[in-house]
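Trainee: structural data only, the sequence is not supplied:
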């Protein structure tokens, strides 16, 4: 009979005496495991009791707060009661309330089914949050804002380690909630979807959606045991190429799927065409909403009416077939990294250039084209209502101080005028020398040209280079 035996079980069987079963005793490892299980069970029980007490305290606090609010509203509605409170009364000695009187006013503690119902109601309120199902172990992913192709990405669930990793670096990081329940394909491997989007104008906002996408698949089966395993948590083809089983000719180990294969797998798992009914429309809605959120900022540029941009959107699908936006790449890689991308990259570029230059590329692209997804209204430019205000005039000088102080001021003014006159004379002398030097060089050029050309015209084109070069001073 073929069956699997664990190593610890084999050690116990090897040490056992089957001839004398009475002398066999439990091994120390089994005893330690039993003690650990008992201790873990006891710790779990204590933790549950602690949470029960905490929930009871929260419920009592909320009810007491509600009673105080109700009492304040009653005082506002009954002015007589308020007037009674305003009447000064004699102070009575403080008397400690009896415990029995206080317990009569407090609500009963939540236990049993009542406590269970309160917890269920609180959980139902939390389930209304769209990311409730994504959070199981509170895992987050950090991405450098100035990096590409998966470099510097970190997956972590400890706040201290996240802060230590992000502080003191030269770049900024984008911290996102990690999707802990992704849809697994190809066994148990996570994936994301790369979709190309073309924006040909910002006013009006015009968005084109490429007719086909492709799927990037991780190389290892998904698990949360090791956050540092890049082959489990990342799907970049540049990283997957370093896996020992990577093979671009194998459909499973090329780590890239076509849209048709992905759509067939989804239909088989869901029982209906979930790609066309839910996933693709969700992707298109996210694209339009994301670009509309920044359209006003982008349209403020001067060349908004004649600009274009090719974006690479990355999406992920969870186990409930909900679509989540991971990131938007403004410089998507369009280099063929396998048979899947080699079929798509070239038509995408041809179609993008054809849209820009109004060229017909549909016969060459085999149905792969950009489809118009959204065209918004044109936003007219508002006329300028403000005027340019200028102030014309001259500088106001302080009045001269009368009396004996005026004589020194006159002497300073005369000295300043003399200095200015000297500077002007020096400048005229320098300009005269420069003019004489230019005339001398011009005479030398003419005489040299006569010697070289004889009777030919001095304005011949062959002397352009010679005229441009300065002559050496005479010795």
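Mentor: The structure has been received and is ready for your questions. Remember, predicted model here, so these are calculated numbers, not experimental data. Residues are numbered from 1 along each chain as shown.
Trainee: who's in contact with the spatially most central residue of the chain?
Mentor: Of all residues in the chain, the one closest to the mean position by C-alpha atoms, centre = their mean is residue 174, 4.8 Å from it. Residues near residue 174 by C-beta atoms under 8 Å, 6 or more residues apart in numbering: 142, 143, 144, 145, 327. Quick note: C-beta positions are derived from backbone N, CA and C, even for glycine.
Trainee: okay, buried residues for the helix or strand hosting it please.
Mentor: Residue 174 belongs to strand 173-177 when assigned by DSSP states H and E. For strand 173-177, burial by neighbour count (16 or more other C-beta atoms under 10 Å) applies to residue 173.
Trainee: I'd like the average pLDDT over it.
Mentor: Here strand 173-177 scores 86 as its mean pLDDT.
Trainee: give me the sheet partners of it and which way each runs.
Mentor: strand 140-144 (antiparallel) (DSSP bridges).
Trainee: residue ranges for the helices of the stretch 51-200 of the chain, please.
Mentor: 79-86, 99-105, 113-127, 159-166 (DSSP state H, counting those that start in this stretch).
Trainee: if we can go back for a sec, give me the angle between the strand holding residue 174 and helix 159-166.
Mentor: Angle of strand 173-177 versus helix 159-166, following axes from the mean of the first three to the mean of the last three C-alpha atoms, to 10 degrees, is 150 degrees.
Trainee: lowest-scoring secondary structure element of the chain by mean pLDDT?
Mentor: helix 99-105 (a mean of 45; mean pLDDT, DSSP states H and E).
Trainee: how about residue 258, what does it touch?
Mentor: Residue 258 sits next to 212, 214, 215, 340 when contact means C-beta under 8 Å, 6+ apart.
Trainee: and residue 115, by the same measure?
Mentor: Residue 115 is in contact with 52, 55, 56, counting by C-beta under 8 Å, 6+ apart.
Trainee: what distance do you get for the residue nearest to the first one when sequence neighbours are not counted to residue 67?
Mentor: Spelled out, that is residue 52. Take residue 52 and drop its neighbours on the chain: the residue closest to it by C-beta to C-beta, 6 or more residues apart in numbering is residue 115, 6.7 Å away. Distance, residue 115 to residue 67, using C-beta to C-beta, to the nearest Å: 20 Å.
Trainee: show me the strands in the stretch 101-250 of the chain, by range?
Mentor: Secondary structure of the stretch 101-250 of the chain by DSSP state E, counting those that start in this stretch: the strands cover 140-144, 154-156, 173-177, 191-202, 205-210, 214-217.
Trainee: for the stretch 251-400 of the chain, same thing?
Mentor: Along the stretch 251-400 of the chain, counting by DSSP E, counting those that start in this stretch, strands occupy 256-258, 309-317, 323-329, 370-375.
Trainee: same for the third one, what does it pack against?
Mentor: Here strand 323-329 touches helix 280-298, strand 309-317, going by 3 or more C-beta pairs under 8 Å, 6 or more residues apart in numbering; DSSP states H and E.
Trainee: figure out which of the ones you listed is closest to residue 358.
Mentor: Between residue 358 and these, the shortest gap by C-beta to C-beta is with strand 309-317, which sits at 17.0 Å.
Trainee: name the strands paired with that closest one and say parallel or antiparallel.
Mentor: With DSSP bridges as the test, strand 309-317 is paired with strand 191-202 (antiparallel), strand 323-329 (antiparallel).
Trainee: so which of the ones you listed is nearest residue 441?
Mentor: So among these, strand 191-202 is nearest, using C-beta to C-beta, at 57.9 Å.
Trainee: quick one: the closest one to strand 370-375, angle?
Mentor: If you take the same axes, to 10 degrees, strand 191-202 sits at 70 degrees to strand 370-375.
Trainee: give me the angle between strand 191-202 and strand 205-210.
Mentor: Using the same axes, to 10 degrees: strand 191-202 against strand 205-210 is 140 degrees.
Trainee: quick one: strand 191-202 to helix 280-298, angle?
Mentor: 40 degrees.
Trainee: quick one: mean pLDDT for strand 191-202?
Mentor: The predicted model assigns strand 191-202 a mean pLDDT of 91.
Trainee: just how off-centre is the strand holding residue 174 within its chain?
Mentor: Centroid separation for strand 173-177 versus its chain: 6 Å, with C-alpha atoms, centre = their mean, to the nearest Å.
Trainee: average model confidence for stretch 63-79?
Mentor: 66.
Trainee: cool, stretch 232-248 as well?
Mentor: The pLDDT scores in stretch 232-248 average 83.
Trainee: give me the buried positions along it.
Mentor: Buried-residue list, stretch 232-248, by 16+ other C-beta under 10 Å: 232, 233, 234, 235, 236, 237, 239, 240, 246.
Trainee: export those to a markdown table and tack on distance to residue 369?
Mentor: As requested, those are exported to a markdown table (distance: C-beta to C-beta, whole Å):
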| residue | distance to residue 369 |
| --- | --- |
| 232 | 36 |
| 233 | 34 |
| 234 | 31 |
| 235 | 26 |
| 236 | 27 |
| 237 | 24 |
| 239 | 31 |
| 240 | 29 |
| 246 | 31 |
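Trainee: quickly check those residues for the two that are furthest apart.
Mentor: The most widely separated members of the buried residues of stretch 232-248, counting by C-beta to C-beta, are 233 and 246 (16.7 Å).
Trainee: re earlier: mean pLDDT for the helices of the stretch 51-200 of the chain: which is lowest?
Mentor: Here the lowest mean pLDDT among those goes to helix 99-105, at a mean of 45.
Trainee: re the thing from before, okay, the helices and strands packed on strand 323-329 in a markdown table with distance to residue 270 and mean neighbour count next?
Mentor: Converted to a markdown table, the helices and strands packed on strand 323-329 look like this (distance: least, C-beta to C-beta, whole Å; neighbours: other C-beta atoms under 10 Å):
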| stretch | distance to residue 270 | mean neighbour count |
| --- | --- | --- |
| helix 280-298 | 13 | 15 |
| strand 309-317 | 11 | 19 |
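Trainee: any idea which of these gets closest to residue 375?
Mentor: helix 280-298 (10.6 Å).
Trainee: what are the contacting residues of the closest one?
Mentor: Residues outside helix 280-298 that contact it (C-beta under 8 Å, 6+ apart) are 193, 195, 197, 199, 202, 205, 207, 209, 304, 313, 315, 322-323, 325, 328, 373-374, 376.
Trainee: out of the residues you listed, which are buried?
Mentor: Applying 16+ other C-beta under 10 Å to these flags 193, 195, 197, 199, 202, 205, 207, 209, 313, 315, 322-323, 325, 328, 373-374, 376 as buried.
Trainee: quickly list what the residue nearest to the centre of the chain is bridged to.
Mentor: According to DSSP bridges, beta-bridge pairing links residue 174 with residue 143.
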